[in-house]
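Enquirer: this is a predicted model, with the sequence first.
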Amino acid sequence: MRRLFQLKRNLSILNDDLPGIPANRPAARIIPRAEHSISRNAISPNALRVLYRLREAGYEAFLVGGCVRDLLIGITPKDFDIATSALPEEVKRTFRNCRLIGRRFRLAHVFFGREIIEVATFRATSSPVDEPIESTIPDLDDDEVLEDDELLDDDEADESTVLAEAGSHRTGIHAVTPLVERDRSRHAGAGDDDDEDRVTDEHGRILRDNAYGTIDDDVWRRDFTANALYYNIADFSIWDYAGGVEDIQARRLKLIGDPVTRYREDPVRMLRAARFEAKLGFSLDGETGSSIPELRSLLASVPPARLFDETLKLFLTGHGAMSLVVLQQHGLLGELLPTVAAYLDKHPEGAVARLLRQGLLNTDQRVAQGKPVTPTFLFALLLYGPIAEIIEKQPQEKWHDIGTIVDAVDRAARGAQGRISIPKRFSLGVREMFAAQPRLEQPRGRRALRMLEQPRFRAGFDLLLLRADMGLASRELADWWTKVQEVSQPDREALADALGGQRREGEGAAGGRRGPRRRRRRGRGRAPAAT
Ligand code: ATP
Ligand code: MG
């Protein structure tokens with residue numbers, strides 16, 4: 001084993017001239033247990049089990065990344081990542097409940113019921129840790145996007161997927177699989193030419209990077225100093241190579257190495273910077289913040305599936321409302337969702353902007369309460385403006401047709417596919433939510449009660465409530481639907497019967513009064529919203 005470490009150390013010399021890695025690598029500042037605040041009580045017992053077992057098997061084992069950062073700040077980590085000297089196959093042999101994932105670069109997942117502890121072998125170069133080759137969102141297919149000619153009848157659309165708890169990226173949101181395959185120390189001579197190990201595109205983006213290393217290699221490929229702290233299970237000390245502890249104390253987010261180079265290597269780091277700014281309330285240090293405007297267009301070269309994953313992490317992990325603010329401040333929303341950004345620029349204080357902000361706050365609250373959240377609802381909020389804009393380009397008499405609404409949802413969803421790929425099941429869910437609006441707004445007698453049984457009723461109803469809050473739908477009807485759900489079946493029917501005879505006035509697409517109601521026709525309703 002010692003020989004192997006030596007070998008890896010020797011190999012790491014090869015990487016000294018890589019960007020992001022200081023020529024004279026500083027040694028770690030080792031902070032003993034007595035001088036930091038991380039208690040084992042705050043660490044997941046399963047993560048501790050994995051750490052101890054690796055150590056007993058003779059390997060180095062550290063907690064690393066966001067969990068160490070969060071523990072130091074005093075917030076509950078959303079998951080625990082481990083970095084080790086054990087090679088993936090060795091990790092697999094050490095744990096029965098372990099699976100290796102990743103087509104090229106292998107990571108070990110150790111399973112404990114719902115909790116998954118991710119164990120990564122130390123890596124030698126500064127490739128993006130999170131570079132995805134495939135998405136791990138169940139059944140997610142890159143080509144699962146809306147095609148032009150696909151227009152299902154709205155009853156056919158079925159979005160049954162509910163994302164597992166937000167914040168638990170292992171159970172749904174996380175869809176990243178680092179690159180890298182070959183362990184050079186084990187396959188010496190098998191093509192271990194350094195040039196071959198690291199491939200970048202013309203912008204400097206790392207496309208392939210494959211070498212395992214030691215902890216003092218591993219640290220320099222990490223993104224921010226605050227994310228590059230290691231908690232050593234051997235003596236409970238913290239290893240800080242990059243000044244992360246000081247930066248956390250100063251609430252500062254600072255890229256390791258030269259920011260321009262590090263953003264070029266992996267433009268997603270700009271979105272990660274925005275995410276941590278929103279999540280932690282840190283400010284972006286110097287060029288970590290100031291170089292974003294000149295480099296943000298590089299996000300165009302990132303695979304859309306990865307941008308979709310990042311979008312979910314930005315908006316569905318408990319700080320979505322703040323993520324929107326921060327993304328707009330850095331001009332990053334336009335790189336991710338250009339049509340949404342353009343709409344919000346045009347109508348910054350309109351009802352739709354308020355609806356989006358309120359919807360994101362509600363989502364954050366659900367995450368805080370441990371309730372499930374769905375990408376479908378998120379995209380309904382985000383696309384509301386572009387959808388309304390498309391509807392309003394139609395002649396006004398068509399605004400309330402379900403066909404117009406469904407068509408607008410599909411076009412808005414396709415418009416958003418430019419940068420991120422929204423899996424079809426989510427865009428179909430959005431379509432259903434919007435198609436439900438006119439029906440919810442024109443309940444007809446007892447037949448209306450059938451809507452309660454539809455799988456997407458709840459999401460459609462939540463959207464109606466939000467619209468009513470913003471003056472985009474009738475408050476009275478939103479209250480009616482709330483009440484209908486709370487009462488017994490006979491009372492429900494009575495409510496429906498009472499409603500059957502009523503005539504109501506409603507709001508138009510722009511949320512204003514439309515005047516006396518026209519005769520209702522089947523398949524007609526009100527437009528879902530607008531400016
Ligand atoms: P959180 O889990 O709270 O979202 P995190 O910092 O743990 O935050 P992860 O995406 O779980 O973020 O990544 C774990 C660690 O891997 C990070 O802390 C960082 O050290 C490293 N990392 C992740 N993505 C990248 C990247 N694109 N470039 C460099 N390092 C990265
Ligand atoms: Mg993490």
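Expert: Nice, I can see it. Numbers count the residues shown, from 1 in each chain. Ligands and ions are numbered 1, 2, ... in the order given.

Enquirer: tell me where the model's unsure across the stretch 51-200 of the chain.
Expert: Applying pLDDT under 70 to the stretch 51-200 of the chain flags residues 103-104, 125-200.

Enquirer: so how many other residues sit close to the residue of it found nearest ligand 1?
Expert: Going by CB to the nearest ligand atom, ligand 1 is nearest to Gly66 of the stretch 51-200 of the chain, at 2.2 Å. C-beta coordinates here come from the backbone N, C-alpha and C atoms, glycine included. Applying other CB atoms under 10 Å, we find 21 other residues in the vicinity of Gly66.

Enquirer: pop out the phi and psi values for it.
Expert: Main-chain torsions, Gly66, degrees, to the nearest 10: phi -60, psi -30.

Enquirer: what sits against it?
Expert: Counting by CB atoms under 8 Å, 6 or more residues apart in numbering, Gly66 touches 77-79, 81, 227.

Enquirer: closest one of those to Arg33?
Expert: Nearest to Arg33 among those is Pro77, at 18.4 Å by CB to CB.

Enquirer: in the chain, where is pLDDT below threshold?
Expert: Within the chain, the segments meeting pLDDT under 70 span 1-23, 103-104, 125-201, 204-210, 500-531.

Enquirer: which parts of it belong to which domain?
Expert: For the chain, automatic domain parsing gives the domain ranges 2-336, 354-505.

Enquirer: right, is the last one up against ligand 1?
Expert: No: residues of domain 354-505 contacting ligand 1 under CB under 6 Å from any ligand atom: none, with a closest distance of 12.7 Å.

Enquirer: just how off-centre is that domain within its chain?
Expert: In terms of CA atoms, centre = their mean, to the nearest Å, the centre of domain 354-505 is set 23 Å apart from its chain centre.

Enquirer: spell out which residues of the chain are next to ligand 1.
Expert: So the chain meets ligand 1 at 65-66, 78-79, 81, 128-130, 221-223, 227-228, 266, 268-269, 272 (CB under 6 Å from any ligand atom).

Enquirer: about what we covered before: just the buried ones from the contacts of Gly66?
Expert: Applying 16 or more other CB atoms under 10 Å to the contacts of Gly66, the neighbour count classes 77-79, 81, 227 as buried.

Enquirer: the helices in the stretch 301-450 of the chain, which residues?
Expert: 304-315, 320-329, 333-336, 338-346, 351-368, 375-392, 402-416, 424-441 (DSSP state H, counting those that start in this stretch).

Enquirer: so who does Leu449 touch?
Expert: Contacts of Leu449 were listed using CB under 8 Å, 6+ apart, and they are 484, 492-493, 496.

Enquirer: let's see that with 10 Å instead.
Expert: 443, 484, 489, 492-493, 495-496 (CB atoms under 10 Å, 6 or more residues apart in numbering).

Enquirer: quick one: Ile30 is in a strand?
Expert: Yes: Ile30 forms part of a strand when assessed by DSSP: H, G, I helix; E, B strand; the rest coil.

Enquirer: what about it, how many neighbours?
Expert: 13.

Enquirer: which residue packs closest to it, ignoring adjacent ones?
Expert: Among residues not flanking Ile30 along the chain, Ser237 sits closest, at 5.1 Å (CB to CB, 6 or more residues apart in numbering).

Enquirer: what's the distance between the one you found and Arg96?
Expert: Remark: distance between Ser237 and Arg96 (CB to CB, to the nearest Å) = 30 Å.

Enquirer: among the contacts of Leu449, which pair sits farthest apart?
Expert: Pro443 and Gln489, at 15.9 Å, using CB to CB across these.

Enquirer: more neighbours, these two?
Expert: Neighbours were counted for Pro443 and for Gln489 using other CB under 10 Å; Pro443 has more, 21 against 8.

Enquirer: doesn't Ile117 lie inside a strand?
Expert: Yes: the assignment for Ile117 is a strand, going by three-state DSSP.

Enquirer: in the sheet, who's paired with it?
Expert: Beta-bridge partners of Ile117, counted by DSSP bridges, are Val110.

Enquirer: pretty sure it sits against Cys98.
Expert: Yes: with contact defined as CB atoms under 10 Å, Ile117 reaches Cys98; the gap is 9.3 Å.

Enquirer: okay, the two: which has more neighbours?
Expert: The residue with more neighbours, out of Ile117 and Cys98, is Ile117; 25 against 17, by other CB under 10 Å.

Enquirer: quick one: contacts for the more buried one?
Expert: 44, 46-51, 63, 79-82, 95, 97-98, 108-111, 170.

Enquirer: and with 6 Å instead?
Expert: Listed by CB atoms under 6 Å, 6 or more residues apart in numbering, the contact partners of Ile117 are 46-47, 50, 80, 110.

Enquirer: same check on Gly320?
Expert: Counting by CB under 6 Å, 6+ apart, Gly320 touches 360, 363-364.

Enquirer: could you redo the last one with a cut-off of 7 Å?
Expert: Residues near Gly320 by CB atoms under 7 Å, 6 or more residues apart in numbering: 314, 360, 363-364.
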